[in-house]
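Student: Build me a model from this:
(2 chains)
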Amino acid sequence: MTLRFNTDFAAGLFGLLFAAVLWFPREGMGRLSIIFPRAILVIMVVLSLALIVKAFTKPAARQVEIEGDPRRLVIMIVVLFAWWYAIGVLGFLGATAIFFFGLTWYLAHIEGPVPVRRLAQWAPIIAVLIGAFYLAFTEVLSVRLPSGIWS
Amino acid sequence: MDMLLEALFSILTLEGLVTILCGVTAGLFIGALPGLTATMALAVLLPFTFTMSPLQGLMALGAVYMGAIYGGAFTAILINTPGTPSSIATTFDGYPMARKGRAYEALAAATIASVVGGIIGVAFLLLLAPPLARLAVVFGPAEMFWVALLGLTLVASLSSGSLLKGLLGGCIGMLLSTIGVSPIGGETRFIFGIPALQGGIELIVALIGLFVVPELISMAAQGRGALPESGKLQGGAGSAIMRMGRHIFGKPINLIRSCIIGQIIAIIPGAGGNVTSLVAYNEARRFSKDPASFGKGNVDGVIASESSNNVMVAGSMVPLLTLGIPGAPPDAIILGVLLMHGLRPGLDLFTETGVLTNGFILSMGFAAMFLLPVGLLGGRLIHRVVVKTPFYFLLPSIAMVTILGTYALRNSMTDVFIMLLLGSVGYFLRLIGIQAAPIVLGMILGVIAEKGYVQTMLVAVVDPIPWLRLVANPLSIVLACLVLLSVATTLLPGWLERSGRMAKVDSDEEKPS
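Tutor: The predicted structure follows:
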């Protein structure tokens, strides 16, 4: 998919917005704490303004190519955040089992319909994979993984 | 000399060699997992050394350290994910090489460069430890500020088209590094009332987010694996190794320069391998006859990054063993082990307990040599796994390991959220021309630059012109001149080209990637 917009202007605008978000909470900080971020914020505003000026005088690429299916792109982002949320609720094992299996099914679907028998074949492979990493992290690396509502 | 020979014989036992082999293998696989750093590998495996003799314990940890730093290159090359922060620069050319079907060549180059770098680092440590240690103590806050600025000039190389956007990315990174508790003032900054942000944004969290998540999103959108069909190994593995060996040793200047840079930066406490590989990469690009090919699959970029970060492993032991100053975070764990065994850093370490110290140093040399067989076999194995695994299994697997690795850093789901947020924003920033590399570079060097700058200003508070303290001694003046020179050599070709005094240097137009 090709989007048409001025990338210089977009980058400059992003820089100004980012600087604004950090500019306002800086009040009340001591000199030693603010001296460096303030200098960087000023430089960032100058760079952003320079990009905006450049956007009108000597613009760079005016089109952006998103490779692949934009719907899958959005779904992938949503799935990653949903996976994160579900870990807090269902725990690592439960959430990962659901999302790993679901994502595998969704992505395999790109190549064509996925028969139930194939899905059944994947289940033990996914279970072993998740189990191996779970045990490696909890037992070998002593990392306490979230257990969600089961804790 | 007698001490060195005695040390050599003490490690040349079956038990000693097996310890090194196991350490290298364990370090390699832990280092290859995104999120698990060399520091974590050492911390995790530390309890296993409690039952060992002091020499065997140190040998095991030295081997794990060497293996972990090298292991980061595997995922950097195969899935564009730096396994450890010191392999960031390896992704710049390693992954494009893999995408062009030259994955095994990149792995072979990384392996050979790591082996040579590791051995050279050990040689430096054995021969030059005392004079190099003296150099380490002359680096004060002002010098560290200039070292950070010198590293920041790398932004120009990483900007891929637009210097303004590269600098903007660097600023974003530096500001991200200021979130949390101020290193000098001690106040919390930019946490927006969220207590979890008090600890700041971990570099490795940002690294995983900015490098892995956009790649995952892109893979899902395109319905492809990390490597395309052409990413399969072309020609035999043996021929790839031979080809890379001939390339590296046929033109050894890049390797030598990267090793020297690695050694110099390694002895500066606080700089670490992250900076080492980035500076070496920048210099390899600057001195190359074909700088435009860097970032698109030039093997010299992989060689510079991997040789310098493995020199750093032994190189950072110089200030540790002589002055007790850890040059990089994993060194702090080694220091702990030394102290646990009653060994105090200093001259005594090389005289009274010389056999033990020299044995430890030599064992790192053997660990570097073991990287060759273990790395080439392990590389082949991981390469096969990445290429053969269907993308619909590979993608959720990478996502799972990414979440696990990020969580394991501080047992924090907030870190996982930050990683996903940075990654998602990073994907769209990449579309408008702001790349991940300058942001990460800003994060790494922002902390060093801030500490150096604020500490210098603090010392100069009574001076009439405080900032003159930044160039108050010969070393800081030399470093400041190097920064100016670096900026000039980066900007001059473009300026000459624009003013029509030179033929077009780089034919590349800015392309949104």
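Student: Can you check the pLDDT for the spatially most central residue of chain B?
Tutor: Nearest residue to the geometric centre of chain B (C-alpha atoms, centre = their mean): B:S86, 1.5 Å. With respect to pLDDT, B:S86 scores 81.
Student: Quick check: which element contains the nearest residue to B:S10 once chain neighbours are set aside?
Tutor: Spatial nearest neighbour of B:S10, chain neighbours left out: B:G359 (5.1 Å); criterion: C-beta to C-beta, 6 or more residues apart in numbering or on different chains. Just so you know, the C-beta spots here come from the backbone N, C-alpha and C atoms, and that holds for glycine as well. Using DSSP states H and E, B:G359 sits in helix B:354-388.
Student: which is the next helix or strand following that helix?
Tutor: Next element after helix B:354-388 (DSSP H and E): helix B:391-410.
Student: Now that next one: average pLDDT?
Tutor: 89.
Student: What of stretch B:289-304?
Tutor: For stretch B:289-304, mean pLDDT is 89.
Student: With stretch A:44-56 instead?
Tutor: 93.
Student: before we move on, what about stretch B:149-162?
Tutor: Stretch B:149-162 comes out at a mean pLDDT of 72.
Student: quick revisit: look up how far B:L58 lies from the residue nearest to the centre of chain B.
Tutor: 21 Å (C-beta to C-beta, to the nearest Å).
Student: returning to what we had before: so what's the residue nearest to B:S10 up against?
Tutor: By C-beta atoms under 8 Å, 6 or more residues apart in numbering or on different chains, the contact set of B:G359 is B:A7, B:L8, B:S10, B:I11, B:L55, B:L58, B:M59.
Student: Please convert the residues you listed to CSV, extending it with pLDDT, neighbour count and secondary structure.
Tutor: Formatted as CSV, the contacts of B:G359 follow (pLDDT from 0 to 100; neighbours: other C-beta atoms under 10 Å in any protein chain shown; DSSP: H, G, I helix; E, B strand; the rest coil):
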residue, pLDDT, neighbour count, secondary structure
B:A7, 84, 21, helix
B:L8, 86, 16, helix
B:S10, 86, 19, helix
B:I11, 86, 21, helix
B:L55, 87, 21, helix
B:L58, 88, 25, helix
B:M59, 90, 28, helix
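Student: hmm, back to that, any idea how far the residue nearest to B:S10 is from B:G365?
Tutor: Taking C-beta to C-beta, one finds B:G359 at 11 Å from B:G365.
Student: What about the residue in the stretch 1-150 of chain B positioned nearest to chain A, how many residues nearby?
Tutor: Chain A sits closest to B:V44 of the stretch 1-150 of chain B, with a gap of 5.4 Å, by C-beta to the nearest C-beta. Other residues within reach of B:V44 by the criterion other C-beta atoms under 10 Å in any protein chain shown amount to 18.
Student: from what I can see it touches A:E139, true?
Tutor: No: counting by C-beta atoms under 8 Å, B:V44 stays clear of A:E139, with 11.6 Å between them.
Student: Strands of the stretch 51-200 of chain B, start to end?
Tutor: B:180-181, B:188-189 (DSSP state E, counting those that start in this stretch).
Student: Point out where chain A drops to low pLDDT.
Tutor: Scanning chain A for pLDDT under 70 picks out the ranges A:26-27, A:61.
Student: Please report how far the residue in it sticking out farthest from the centre lies from B:V461.
Tutor: Distance from the C-alpha centroid of chain A, by C-alpha atoms, centre = their mean, peaks at A:R31 (34.2 Å). As judged by C-beta to C-beta, A:R31 and B:V461 stand 10 Å apart.
Student: Need the pLDDT of the residue nearest to B:S10.
Tutor: We have a pLDDT of 88 for B:G359.
Student: residues in contact with residue 88?
Tutor: Picked chain A for this. Here A:G88 is in contact with A:P146, A:G148, B:M413 (C-beta under 8 Å, 6+ apart).
Student: Actually, chain B is the one I wanted.
Tutor: Per C-beta under 8 Å, 6+ apart, neighbours of B:I88: B:A76, B:P82, B:L207, B:F211, B:N274, B:S277, B:L278, B:S305, B:A437, B:V440.
Student: pLDDT value on B:K511, please?
Tutor: B:K511 is given a pLDDT of 40.
Student: Near chain A, which residues of the stretch 51-200 of chain B are found?
Tutor: B:161-162, B:164-165, B:167-168, B:171-172, B:174-175, B:178, B:182, B:184-187, B:189-190, B:192 (C-beta under 8 Å from any C-beta of the partner chain).
Student: What about residue 141, how many residues nearby?
Tutor: In the absence of a named chain, chain A is used. Neighbour number of A:L141 under other C-beta under 10 Å is 18.
Student: actually chain B
Tutor: 21.
Student: just B:V454 next, same as before
Tutor: 21.
Student: Show me what the strand or helix carrying it is packed against.
Tutor: Secondary structure from DSSP H and E places B:V454 in helix B:436-459. Secondary-structure packing of helix B:436-459 (3 or more C-beta pairs under 8 Å, 6 or more residues apart in numbering or on different chains; DSSP states H and E): helix A:31-57, helix B:88-99, helix B:141-152, helix B:155-158, helix B:163-177, helix B:203-222, helix B:272-287, helix B:413-431.
Student: again, only this time at 7 Å
Tutor: In terms of contacts (3 or more C-beta pairs under 7 Å, 6 or more residues apart in numbering or on different chains; DSSP states H and E), helix B:436-459 is packed against helix A:31-57, helix B:141-152, helix B:155-158, helix B:163-177, helix B:203-222, helix B:272-287.
Student: For the closest residue to B:C171 other than its chain neighbours, give me its contacts.
Tutor: Closest residue to B:C171 apart from its sequence neighbours, by C-beta to C-beta, 6+ apart: A:M44 at 4.1 Å. Contacts for A:M44 (C-beta atoms under 7 Å, 6 or more residues apart in numbering or on different chains) come out as A:G15, A:A19, B:L168, B:C171.
Student: go on, B:P330?
Tutor: With C-beta under 7 Å, 6+ apart, B:P330 has these contacts: B:A38, B:T39, B:L42, B:Y65.
Student: Of those residues, which qualify as buried by neighbour count?
Tutor: Neighbour counting with 16 or more other C-beta atoms under 10 Å in any protein chain shown marks B:A38, B:T39, B:L42, B:Y65 as buried within the contacts of B:P330.
Student: neighbours around the residue nearest to the third one when sequence neighbours are not counted, how many?
Tutor: Taking C-beta to C-beta, 6+ apart, and ignoring the residues beside it in sequence, B:L42 has B:I333 as its nearest neighbour in space, at 4.4 Å. B:I333 is flanked by 21 other residues according to other C-beta under 10 Å.
Student: any idea how far B:I333 is from chain A?
Tutor: 15 Å (C-beta to the nearest C-beta, to the nearest Å).
Student: hey, where'd the helices end up in chain A?
Tutor: Ranges of helices in chain A, per DSSP state H, are A:7-23, A:31-57, A:70-108, A:116-135.
Student: Check the contacts of B:G359 against B:V454 and report the nearest one.
Tutor: Closest approach to B:V454 among the contacts of B:G359 (C-beta to C-beta): B:L58, at 36.5 Å.
Student: Now the closest residue to B:K100 other than its chain neighbours: which helix or strand?
Tutor: Sequence neighbours aside, B:G297 is the residue nearest to B:K100 in space, at 5.3 Å (criterion: C-beta to C-beta, 6+ apart). Using DSSP H and E, B:G297 falls within no helix or strand.
Student: Settle this for me: B:G297 is touching B:Y95, isn't it.
Tutor: No: between B:G297 and B:Y95 there is no contact under C-beta atoms under 7 Å: 8.4 Å.
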